Structures are given as structure tokens and as C-alpha cells.
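J.: kindly return the folded structure for what I paste below:
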Amino acid sequence: MSTRIAFLKGHGTENDFVIVPDPENAIDLPPAAVAALCDRRAGIGGDGLLHVVRSAAHPEAEGMAAEAEWFMDYRNGDGSVAEMCGNGVRVFARYLQRAGHVTEGDLAVATRGGVKAVHIAKDGEVTVGMGRAVLPEGDVTVSVGERSWLARNVNMGNPHAVAFVDDLSHAGDLLSPPPFSPAAAYPDGVNVEFVVDRGPGHVALRVHERGSGETRSCGTGACAVAVAAARRDGADPTATGAPATYTVDVPGGTLVITERPDGEIEMTGPAMIVAEGEIDADWLETTTSA
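T.: Numbers count the residues shown, from 1 in each chain. Alright, predicted model coming up:
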């Protein structure tokens, strides 16, 4: 392991990430190393880690290299691998812009959830094509304490359970994963969103992200919520031919989600790089070998 490992810190609507540039995929980042870096007291701190790798250099992404030069090797804060992170893609794109790899305009980013189309606007907002939602059939229930709610099962490349509640405080502290049933609905765990209405086309959420706990924002979760709200409100753009747009307030800010008539979902929001520095490689090696 190199004795000098560069990192940056960034966030999208306060969903924050440790960013490790590694174009040639030369840095070993086992789960313990990722968890140590994301630790908010003993490490740098973050909801997750963005490992920036050229697609051609990563075995999971080399098949996407013709479409996207860069692969977002995303990890949850506990070190586990995740398919996709919407806020992470925006921050990933902002890093690529800052590093001079891309400019304003369109680019493609490879993820485990497929290649995502990204647009960096002149005003700094970043729009990500999040793909289409899959709505598995079957009832799902989520619970907090004595309360239970029917939830909408929405898959955005990763699994979500969306529950509409009367008050966001009903979600509890979200320190541990809210129980759900049936267990077969989410064999690998689930992100759970609790949602209230703020007005027409306007909702707010709190979310428990699997592997990270409650976070200040979840991009795929905001998309899942917008789709669930649209279906609840009787809107299906693929059937009506009219797009459905929802403003989604998250604890860390606001995202705008649009589901187009072709089923594609676009998410627009801010992305910031706030710091950069170097990781002490000796500390990281000691931490991960303990």
C-alpha cells in the first residue's frame, strides 16, 4: 500500500462521502478499511466511500468501459458493497469535474446498477439519469415500535420500502434497521423511507439506509419515494404520456425528481467537494489488520 493516499470529502444534500481517487485500481480497500475511513470519530467520516476507478481497470466494470470511462466503486459506511447511490453519483461527477477529467455538460458513469447518464449544469446542479423503477408485486409491511405500515416495494437498482406516515417522528430514531415482512421480499436487506406530504407534488422523507443507518439524504430513496407517491396519486407517466415531477425534501436539502413518459427517472440536486488531504497509510493498515 502506498504511504501517501489522497482523499477528498464531499456531500450531496448532506449525504457525505469519503472520495478515494484510484484510476488504476491499485489501492486495496477491504471492508474493514472502508469502515475505518467512514468512522466519524476515529476516521474521516462519511455515509459511504466513493472509490474512483477507470472502468477498464476494474473487473466489475470493464464490460462498461466502452460506454463510461469512470466506474463508481461505491461502498456503504460499514464497508459493504452497494449497487448504486444517487447522491454519490452526483458527488462522483463533481469530483471528476474538479480533477479536470470532465467539464460541464454530459458524461456517463459506470455503476453496479448500470451506466448512468449525468449532466453537470452551469449553475452547479447535477442531474443523474437514475434508470427505471421496478415495482415488485406483493404487500410489504415495515414497523417501528408498536406502529406498522403497508409499504410500497420499489427497486431503483437497489431495494426500497416506502411507507407514508402521518408524522416523520413516527420513524423513531432509525439507529437500527426497521423490521419488515415478509423476509423474502428483501433477502439482502432494504432501504426504508418514511414519507409525509408537504403539498401537491411535494413530499418529505426520513430514511434508514442499509449498512449506513439514518442518513441526511438518499438519492435512490428520493426517486423511489417520488415513484411511490406518483402511483399513490394515480400518476403513471408510462401510461399517461405526461411526466410526473416531485420535490422531495430530505433532512439535508431538496431534490427534484422527474419520471418521464419513457419510464426513465431523473434526479437533480447539488453536489459539493468540501476538503481534500492524505490518508495515513500506516494508520489504515494498522486499523484494518487489528
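J.: so Gly145 is in contact with Asp173, correct?
T.: No. Applying CB atoms under 8 Å as the test, Gly145 and Asp173 come out as separate, 10.3 Å apart. C-beta here means a position set from N, CA and C on the backbone, and glycine is covered the same way.
J.: what distance do you get for the most centrally placed residue in the chain to Thr220?
T.: The C-alpha lying nearest the average C-alpha coordinate of the chain belongs to Cys85 (CA atoms, centre = their mean; 2.3 Å). Note on Cys85: its distance to Thr220, by CB to CB, to the nearest Å, is 7 Å.
J.: what does Ser176 give?
T.: For Ser176 relative to Thr220 (CB to CB), the value is 21 Å.
J.: the more surrounded of the two?
T.: Thr220 (33 against 10; other CB atoms under 10 Å).
J.: so where does that one fall, helix or strand?
T.: helix 219-232 (DSSP states H and E).
J.: buried set for that helix?
T.: 219-231 (16 or more other CB atoms under 10 Å).
J.: of those residues, closest to Pro200?
T.: Using CB to CB, Ala229 comes nearest to Pro200 of the buried residues of helix 219-232, at 10.6 Å.
J.: show me the contacts for that closest one.
T.: Listed by CB atoms under 8 Å, 6 or more residues apart in numbering, the contact set of Ala229 reads Phe164, Val195, Val203, Tyr246.
J.: so what's the first one up against?
T.: The contact partners of Phe164, by CB under 8 Å, 6+ apart, come to Trp149, Val195, Val196, Asp197, Ala228, Ala229, Arg232.
J.: do that again at 10 Å, thanks
T.: Residues near Phe164 by CB atoms under 10 Å, 6 or more residues apart in numbering: 149-152, 193-197, 203, 205, 225, 228-229, 232.
J.: distance of Val109 from Glu62?
T.: Distance, Val109 to Glu62, by CB to CB: 15 Å.
J.: also Ile257?
T.: Ile257 sits 31 Å away from Glu62, going by CB to CB.
J.: and what of Arg232?
T.: Arg232 is 41 Å from Glu62, by CB to CB.
J.: show me the strands in the stretch 101-250 of the chain, by range?
T.: 105-111, 114-120, 126-132, 140-144, 147-155, 159-164, 180-181, 191-199, 202-209, 213-215, 244-250 (DSSP state E, counting those that start in this stretch).
J.: which helices and strands does the fourth one pack with?
T.: Contacting strand 140-144 under the criterion 3 or more CB pairs under 10 Å, 6 or more residues apart in numbering; DSSP states H and E are the following elements: strand 147-155, strand 159-164, strand 180-181, strand 191-199.
J.: list residues touching both of Cys85 and Thr220?
T.: With CB under 10 Å, 6+ apart as the test, Cys85 and Thr220 both reach Gly113, Gly157, Asn158, Glu209.
J.: for the residues you listed, could you give me CSV that also reports distance to Asp139?
T.: Formatted as CSV, those follow (distance: CB to CB, whole Å):
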residue, distance to Asp139
Gly113, 25
Gly157, 22
Asn158, 20
Glu209, 23
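J.: by neighbour count, which of those residues wins?
T.: When neighbours are counted by other CB under 10 Å, Glu209 leads those with 28 neighbours.
J.: my guess is that one contacts Asn191. True?
T.: Yes. Using CB atoms under 10 Å, Glu209 makes contact with Asn191 at a distance of 5.1 Å.
J.: quick check: neighbours shared by the two?
T.: Ala82, Asn158, His160, Pro177, Thr215, Cys218, Thr220, Gly221.
J.: cool, thanks, signing off.
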